[in-house]
Structures are given as C-alpha cells and as structure tokens.
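Chemist: Can you look at this prediction? I've put the sequence above it.
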Amino acid sequence: MTDPKSEKEFLDTYKPRDYPSIALTADLVVFAVSGGVLHTALVRRGGHPFKDMLALPGGFVGPHESAEQAAHRELAEETGLDLGKLPVHVEQLATYTEPDRDPRMRVVSVAHLVLLATDGRTLPEIFAGTDASAAVWHPVHEVFAGAALAFDHTAILRDGLDRLGGKMEYTTVASRLLPAEFTMTQLRTVYEAVWNVTLPAGNFTRKMMPQLDDTGKKARAAAGAPAALFTATDRHIHPPLSKPRAG
C-alpha cells in the first residue's frame, strides 16, 4: 500500500525542469466532399516558422485542456468551423513525435480526423482568424501534387486520407461525409472522391445494399426518376470493397 506521506515528500522535491521540455499541439485533418471532389481545410500561416505556407489548422494545447478540446478550439479560431454545431465525425488519427518536426522546440502533435457531412454541392464557409492569414478549402489530391505543407503536415494529411480510404473498404464510414439520408449515387460519389477513381455503378450498388437501410423515401430529382434514400448501418462490408488499383 502506498504511503501518502512519502509520496507527498517525493512530489514536493520533484523537479520537472530537470527533464527536457516538450510542447503538445493538436492538428486537424478536416475532410468534406463538394462537386465530386474531396476537400480539406487549410490555413495560410501568418507568422514564422513557415510563414505564408499552407498548413493544417491546429495549435498548442493549453495547460488546462485536453488535446481534443484544443483541436475544437483551434479549428474554430483559425477557420470559424465550430465542431459542436456541425454534423461531424471526429476521431484521433495519430501522434507525431519526431524530434525535429518543429524548428522552435520539441513538439509532439496529436492529430485528429474530422469528417464533415455536406449535401455534396456546397462547403461551409471558412475564414481566417488568430495567427492565420487565410483559410481555404483545398482539393486533397491536388495538395500532394503541389508544394509541401508546413511542418510535417503533408504526411499527416496523407495519413488521414489513408485512414479514411482504408476504413471505407470494410465500414460505412463514407456515409459520415453525407447527410443522414442519402442516395446511392451520393455515396458512390464520396467513394470516388476519396479514392480518386471511377467506380462501376452496378457493382457498387450490389456491394453496398446489404450495408444500408432503405428509408422508403425518395429524393427529389430535377430530371429522371426520384432516387431511393438510404441510411447507413454499422454492419461491416464483407468481403471488403477493395479500392481499384491506379492505372
């Protein structure tokens, strides 16, 4: 049994400054689909280091908040996106600990993956705040073809895309990028946007039908027959829906 007095004496004489200081940050990979294209929210840094470069939204975790709380706060401050008021799915992505990932000091980052539901036509407005000079929605697959993001954010973004793309093979997580009720075409569009491929409509429908519940309702159509509306279940896709190979 622990002796409370001896533990108190230990803590009274403990010197945290005897150990190297490590700062903690929270970064966010925010995905949303519009116009058949997967987008991510990026900010342009207003100060050093990496001034004027694009980066993922995020920042330092305060002394009295968790990494998740900091992620919510930083996203609202830097882009105006309030995760508490939006239809989102948030999960922790990974922790990044490379000693030289930040030139200022030793900084460990806890990255979060955010899936934002949209109607597939428009994206929520974002605007810069705090230390960001701009905030923009940027097509994800174009990021990897252009200049690198600040810090190790290109790698974090890639990890976020790989996490989402991989989970879409065996779960219905893609539906988190859609309204609660959606058409099969909307769901296929999300798959195509994330995987950056074109999928045969018939095969996709046959594969996904067992994982969806038909609401019995129809979506209004500007032309043609109204499309059935579905909701996603928690059933796993088995066997998995494999992403087509490039080329």
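Modeler: Cool, the structure landed.

Chemist: which one's the longest strand in this protein?
Modeler: strand 23-34 (DSSP state E).

Chemist: got the buried residues for it?
Modeler: Across strand 23-34, burial judged by 16 or more other CB atoms under 10 Å covers 24-34. Every C-beta, even on glycine, is put in place using the N, C-alpha and C of the backbone.

Chemist: Okay, now the sheet partners of the helix or strand that comes right after it, with direction.
Modeler: Note on strand 23-34: by DSSP states H and E, the next helix or strand toward the C-terminus is strand 37-45. Applying DSSP bridges to the sheet, strand 37-45 is found paired with strand 23-34 (antiparallel), strand 54-55 (antiparallel), strand 132-139 (antiparallel).

Chemist: could these go into CSV alongside distance to R44 and mean pLDDT?
Modeler: Formatted as CSV, the strands paired with strand 37-45 follow (distance: least, CB to CB, whole Å; pLDDT from 0 to 100):
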stretch, distance to R44, mean pLDDT
strand 23-34, 15, 98
strand 54-55, 6, 97
strand 132-139, 4, 93
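
Chemist: The ones you listed: which one's closest to V197?
Modeler: strand 23-34 (14.2 Å; CB to CB).

Chemist: For this structure, which segments are assigned as helices?
Modeler: Along the chain, the stretches classed as helices by DSSP state H are 4-13, 67-79, 140-143, 153-167, 184-195, 201-208.

Chemist: Between the two ends of stretch 195-203, what distance do you get?
Modeler: End-to-end span of stretch 195-203 (CA to CA, to the nearest Å): 16 Å.

Chemist: just stretch 161-175 next, same as before
Modeler: Note: stretch 161-175 ends 15 Å apart using CA to CA.

Chemist: Same question for stretch 215-227.
Modeler: Across stretch 215-227, first to last residue, CA to CA, it's 11 Å.

Chemist: now that stretch, how far from the centre of its chain.
Modeler: 30 Å (CA atoms, centre = their mean, to the nearest Å).

Chemist: when you give positions from now on, start the count at 36
Modeler: OK, 36 is where the count begins now, so the last one is stretch 250-262.

Chemist: Average pLDDT for it, rounded please.
Modeler: Throughout stretch 250-262, pLDDT has a mean value of 83.

Chemist: And the helices of the chain: which comes nearest D137?
Modeler: helix 188-202 (11.0 Å).

Chemist: How far away from the center of its chain is the closest one?
Modeler: The answer for helix 188-202 is 8 Å, by CA atoms, centre = their mean.

Chemist: Show me which positions of it end up buried.
Modeler: 188-192, 194-196, 198-200.
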